[in-house]
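*Asks:* Only the shape, not the letters, is given here:
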């Protein structure tokens, strides 16, 4: 594992990272976004197995990703963006994740931060950070903390003149390694109570340290390691209310969750797409099948059909959920947001099970030859198994069942 320390700016004021390597292309609408994603996926797929096996961090790929303009597609039209639907956003992520699961996950918290900003940011904050996103700058994350069994946040915001100081340590910081800004959950003491904010911390601010210590067996090059903040100064207008955004019905949770569903859907698609040529060209039929090729084996055909149907069902639920989230964004009420959360939970149930099934069936149908290390086919199952652990699918079933059986609206938080 390597340790990467932020360079210290000569100016005492915090500064974002260097600008992107090249200005991003303009994405005009949903169709533009899908075409750009498909072009990138074709570029990313050939090197995915090597990047995973040798843990090559995808700097060049991320430069191309930023230059595509896709990191700004959720910026509303009134702020200069394409304002794409959540259906399109999910499909873009799924297309990239099918080519490379890690690259599909890296922007997840970028879009999450943009949704928090849309819901809780001031007009001035939106204009500033939307402009940064449209310029190709990437937002990472420093949300989770490790080493404690509770969900209490220990990263602190303390007043410092006309700004704030951030102190704390985070883990599972997907994308922070590659980010220009690191949106960070921190708590401040206000009038005798703790208030949670999302602070947009410049990647190169003095006191920011990023340690590339993510060693999970899947999603290996997501940069999901540690970030430490040692008395890091941020400007007051770089701090956005967070928990206050959940006091009224908002779509922050459903948007976060549909992105996770899209990542899993994409990984499952990638596994299925790798299964078909392997079965046709390399797998052997079972002796009792009485056929010459594995692709003619009736039980293999049945299993391929089963995986295909489950993936298509998952895809349909993701698209349905996207439409319901779109509607809730336009008219957020307690009921519409709850319906969006439930629709996304239903999608996540199927994307979880379908992606794991597709990764596993790749080996069952491909046979022992599919396990050869140089092929890297295990990355699909490893990536799906790792990413689907973000929050427990068993609680998705509970939320869905409780909604329909007892008319119980789900909790409002970022994990539902």
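*Replies:* Yep, it's here. These numbers were taken from a predicted model, which means no experiment stands behind them.

*Asks:* can you give me the helices for the stretch 1-150 of the chain?
*Replies:* Ranges of helices in the stretch 1-150 of the chain, per DSSP state H, counting those that start in this stretch, are 30-44, 48-54, 59-67, 86-99, 101-105, 108-120, 123-134.

*Asks:* Rounded mean pLDDT for the shortest one, please.
*Replies:* So the one you mean is helix 101-105. Mean pLDDT, helix 101-105: 98.

*Asks:* for it, packing partners?
*Replies:* helix 48-54, helix 59-67, helix 86-99, helix 252-281, helix 378-387 (3 or more C-beta pairs under 8 Å, 6 or more residues apart in numbering; DSSP states H and E). C-beta coordinates here come from the backbone N, C-alpha and C atoms, glycine included.

*Asks:* got the angle for the third one vs helix 59-67?
*Replies:* Pointing back at helix 86-99 there. Relative orientation of helix 86-99 versus helix 59-67 (axes from the mean of the first three to the mean of the last three C-alpha atoms, to 10 degrees): 160 degrees.

*Asks:* All the helices of the stretch 301-416 of the chain, in order from the start?
*Replies:* Taking DSSP H, counting those that start in this stretch to define them, one finds helices in the stretch 301-416 of the chain at 334-366, 378-387, 393-406.

*Asks:* If you count contacts, what does the first one end up packed against?
*Replies:* Counting contacts by 3+ C-beta pairs under 8 Å, 6+ apart, helix 334-366 is packed against helix 252-281, helix 298-330, helix 378-387, helix 393-406.

*Asks:* Report all helices and strands that the first one contacts.
*Replies:* To tie it back to what came earlier, the one meant is helix 252-281. Counting by 3+ C-beta pairs under 8 Å, 6+ apart, helix 252-281 packs on helix 86-99, helix 101-105, helix 108-120, helix 298-330, helix 334-366, helix 378-387.

*Asks:* Run the chain-centre distance for the third one.
*Replies:* Taking the mean of its C-alpha atoms, helix 108-120 sits 12 Å from the chain's own mean (C-alpha atoms, centre = their mean, to the nearest Å).

*Asks:* which parts of it are buried?
*Replies:* Judged by neighbour count (16 or more other C-beta atoms under 10 Å), helix 108-120 contains these buried residues: 108-120.

*Asks:* What score does the closest residue to residue 318 other than its chain neighbours have for pLDDT?
*Replies:* Nearest residue to residue 318 in three dimensions, chain neighbours excluded: residue 347, at 4.7 Å (C-beta to C-beta, 6 or more residues apart in numbering). At residue 347, the model reports a pLDDT of 98.

*Asks:* returning to what we had before: now for the helices of the stretch 1-150 of the chain, which one comes closest to residue 413?
*Replies:* helix 108-120 (12.4 Å; C-beta to C-beta).

*Asks:* quick one: the closest one to helix 123-134, angle?
*Replies:* 160 degrees.

*Asks:* what does helix 108-120 rub up against?
*Replies:* Residues outside helix 108-120 that contact it (C-beta atoms under 8 Å, 6 or more residues apart in numbering) are 71, 74-76, 89, 93, 125-126, 129-130, 133, 138-141, 143, 174-175, 179, 183, 198, 200, 240-242, 244-245, 250-252, 255-256, 259-260, 263, 414.

*Asks:* could you redo the last one with a cut-off of 7 Å?
*Replies:* 71, 74, 89, 125-126, 129, 133, 138-141, 174-175, 183, 198, 240-242, 244-245, 250-252, 255-256, 259-260, 263 (C-beta atoms under 7 Å, 6 or more residues apart in numbering).

*Asks:* cool, stretch 61-70 as well?
*Replies:* Contacts for stretch 61-70 (C-beta under 7 Å, 6+ apart): 20-22, 24-27, 33, 36-37, 40, 43-44, 92, 103, 106, 136, 138, 178.
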